[in-house]
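[1] Give me the fold of what follows.
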Amino acid sequence: MIICNFKQVFATVLGLALSNVVMAECADFNAKIAADKSAQKYVSGKTFKNARVLKKHLPSKRKEVASYVYVKADDLYYTVYSLVNSDCDAEIIKRTNGKH
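    Below you'll find the predicted structure:
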């Protein structure tokens, strides 16, 4: 009887501890959309190719996303790299020089 109660208490405490550790993560689809919107505003252009999630930073749960933008006024193609956090907020970290 005591062993059964101990197992139930241990399982409950372990479940609560793990639920606090797990952080919400922005889905890949939402991360791509957030990065594309941020990149389009940054270089004043339109995306010409689907964004790609390049890697996920494990401790921070941020995703590095590459967006591909065409600027018609300059006739140049840019790749814009962003970090997307768990709230799906994109922060631009760098961009390439424009290419024809």
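[2] Helices along the chain, start to end?
    All helices of the chain, identified by DSSP state H, fall at 2-21, 28-43.
[3] Quick check: can you name the pairing partners of the longest strand along the chain and their directions?
    Longest strand of the chain, by residue count under DSSP state E: strand 46-57. Under the criterion DSSP bridges, strand 46-57 sits next to strand 62-71 (antiparallel) in its sheet.
[4] list the buried ones in the partner strand?
    62, 63, 64, 65, 66, 67, 68, 69, 70 (16 or more other Cβ atoms under 10 Å). C-beta: built from backbone N, CA, C; applies to glycine.
[5] quick revisit: in the longest strand of the chain, what's buried?
    Buried, per 16+ other Cβ under 10 Å, within strand 46-57: 47, 51, 53.
[6] pLDDT and distance to residue 100 for the residues you listed - can I get that in a markdown table?
    Shown next, in a markdown table, are these (pLDDT from 0 to 100; distance: Cβ to Cβ, whole Å):
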| residue | pLDDT | distance to residue 100 |
| --- | --- | --- |
| 47 | 93 | 18 |
| 51 | 96 | 21 |
| 53 | 96 | 27 |
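[7] Just name the shakiest helix or strand of this protein by mean pLDDT.
    helix 2-21 (a mean of 60; mean pLDDT, DSSP states H and E).
[8] which residues of the chain score low on pLDDT?
    Along the chain, segments meeting pLDDT under 70 span 1-4, 6, 9-23.
[9] Okay, now stretch 39-59: how far is its last residue from its first?
    25 Å (Cα to Cα, to the nearest Å).
[10] Tell me how far it lies from the chain's centre.
    Its chain's C-alpha centre and that of stretch 39-59 lie 10 Å apart, by Cα atoms, centre = their mean, to the nearest Å.
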